[in-house]
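Q: Turn this into a model:
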Amino acid sequence: MVEHLTNETFKEKVFNFDENKEWKFEGDKPCLIDFYADWCGPCKVVAPILEELADEYEGKVDIYKVDTDKERKIAGMFGIQSIPSLLFVPTDGQPQMAMGALPKDTFVKAFKEVLKVE
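A: Residues are numbered from 1 along each chain as shown. Predicted coordinates:
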């Protein structure tokens with residue numbers, strides 16, 4: 001199940017930007033964050049793919065969504081200019097950003113290469 005994050009849940013599950021200046025991942029497994037908006041066509045294309053991936057990778061990868069219209073602080077922190085923007089967050093190391101409506105096989109490849117999950 002894809003989970004929508006607010007400022008508060010983002011701080012608990014991904015990165016507590018109030019307490020940390022340097023990147024420190026708060027989660028216990030890798031995650032993907034979809035920065036989207038309800039009015040965005042390409043975002044609507046990605047949404048069902050993310051739902052499929054959430055089922056297929058349940059227990060291995062957390063999949064989150066951040067509404068850039070509602071959560072401007074988080075979007076600003078990551079410099080989101082275009083949507084969808086997809087942030088792949090490994091448990092160790094720096095997150096990596098991808099832009100645009102990616103096909104499912106590209107997500108699977110990134111899960112393997114960036115998140116180290118198969």
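Q: Show me the beta-bridge partners of the most centrally placed residue in the chain.
A: Taking Cα atoms, centre = their mean, the centroid of the chain lies closest to Ile33, which sits 0.7 Å from it. Beta-bridge pairing for Ile33 (DSSP bridges): Tyr64, Leu87.
Q: ok, it - contacts?
A: 5, 14, 64-66, 86-87, 89 (Cβ atoms under 8 Å, 6 or more residues apart in numbering). Any C-beta I mention is one placed from the backbone N, CA and C, and that applies to glycine too.
Q: which secondary structure element contains Glu51?
A: For Glu51, the enclosing helix or strand under DSSP states H and E is helix 41-56.
Q: Determine the set of other helices and strands touching that helix.
A: In terms of contacts (3 or more Cβ pairs under 8 Å, 6 or more residues apart in numbering; DSSP states H and E), helix 41-56 is packed against strand 31-36, strand 62-67, helix 104-113.
Q: Can you name the next helix or strand after the second one?
A: Pointing back at strand 62-67 there. Using DSSP H and E, the helix or strand that follows strand 62-67 towards the C-terminus is helix 72-77.
Q: Run through who's touching that next one.
A: By Cβ under 8 Å, 6+ apart, helix 72-77 touches 5, 7, 10, 17, 35, 66, 68.
Q: Low-confidence stretches in this protein?
A: Within the chain, no stretch falls below the threshold (pLDDT under 70).
Q: Could you check how many residues crowd around Glu51?
A: By other Cβ atoms under 10 Å, the residues close to Glu51 number 13.
Q: tell me the contacts of the closest residue to it other than its chain neighbours?
A: Nearest non-adjacent residue to Glu51, counting by Cβ to Cβ, 6 or more residues apart in numbering: Val2, 5.9 Å away. Counting by Cβ under 8 Å, 6+ apart, Val2 touches 34, 47, 50-51, 54, 63-65.
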